[in-house]
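1. Take this sequence and fold it.
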Amino acid sequence: MEMSRDIAKELLDIKAVQIQTDEYFTWTSGIKSPIYCDNRLIMSYPKTRRKIAKAFARIIAGLEQKPDIIAGCATAGIPHAAWLAEEMDLPMVYVRSKPKGHGKGNQIEGALQKGQNVVVIEDLISTGGSSIDSARALQQAGANVLGVLAIFTYGLKKSKQQFSEATLDFQTITTYEEMLAVLKEIGEINEEELSELREWKDSL
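-> Numbering: from 1, shown residues only. I've put the predicted structure just below:
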């Protein structure tokens, strides 16, 4: 819980998370949202990215099976996978959303051997689709995917359903509910906004 709250505060400090209850953001999927989490900003903040790499490593330390290799989802998961692989002294690959249209036509870049245990790293989970696609590509290549780890999840029902249907485990460093608790604690949102933000999530 302490780690989750600490990272939530870090994301707010660097303005990776923004709230707009008057004019909703539009996600790539078309979903209208009062909150937007842009974890790409973390690249510009060395202290925050080091904390996140260590947080991922702590989650992995608690796994029953340990990874032989770290896989990053293109594109936003790649830098975090790289920093985590460096932290743990492990090899890394990354997974494209689809096979490259030229050269060797790779979807997975890097050296991956059949039977290797892999943890997939994503920057955040909204509906879960892109993370699951990456995990499936790794499985098709013969890897044993231990699960997906991400920095943040919006906690949408659809993401939980999709991971369940894909029989994939996922964990995140921090969560939407943790973020709301911190926002309320520091006075960034009032009770009315808190209710609206919770109702939005529950409606999806």
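2. going forward, measure contacts between C-alpha atoms and count neighbours the same way
-> Will do.
3. Could I get the buried residue list for the helix or strand harbouring A8?
-> A8 belongs to helix 2-13 when elements are defined using DSSP states H and E. Within helix 2-13, the residues that count as buried by 16 or more other Cα atoms under 10 Å are 4-11.
4. So what touches it?
-> Residues outside helix 2-13 that contact it (Cα atoms under 8 Å, 6 or more residues apart in numbering): 17-18, 39, 42, 48, 51-52, 55, 173-175, 178-179, 182.
5. tell me the contacts of Q113?
-> Counting by Cα under 8 Å, 6+ apart, Q113 touches 142-143.
6. mind checking how far it is from L149?
-> 21 Å (Cα to Cα, to the nearest Å).
7. ditto for L112
-> 19 Å.
8. quick one, which of the two is more surrounded?
-> Using other Cα atoms under 10 Å as the criterion, L112 and L149 rank with L149 on top: 26 against 22.
9. and stretch 185-200, how far out from the chain's middle?
-> 23 Å (Cα atoms, centre = their mean, to the nearest Å).
10. switch to numbering from 59
-> From this message on, residue numbering opens at 59, which makes the last subject stretch 243-258.
11. Tell me the buried residues in that stretch?
-> For stretch 243-258, by 16+ other Cα under 10 Å, it's 247, 251-252, 255.
12. Now do the longest helix seen in the chain and helix 60-71, the angle between them.
-> With secondary structure taken from DSSP state H, the chain has its longest helix at helix 104-119. Following axes from the mean of the first three to the mean of the last three Cα atoms, to 10 degrees, one obtains 150 degrees for the angle between helix 104-119 and helix 60-71.
13. tell me which residues in helix 104-119 are buried?
-> Those would be 106-108, 110-114, 118, for helix 104-119 by 16+ other Cα under 10 Å.
14. and which of the residues you listed is nearest to E223?
-> Within the buried residues of helix 104-119, proximity to E223 (Cα to Cα) peaks at I118, which comes in at 22.8 Å.
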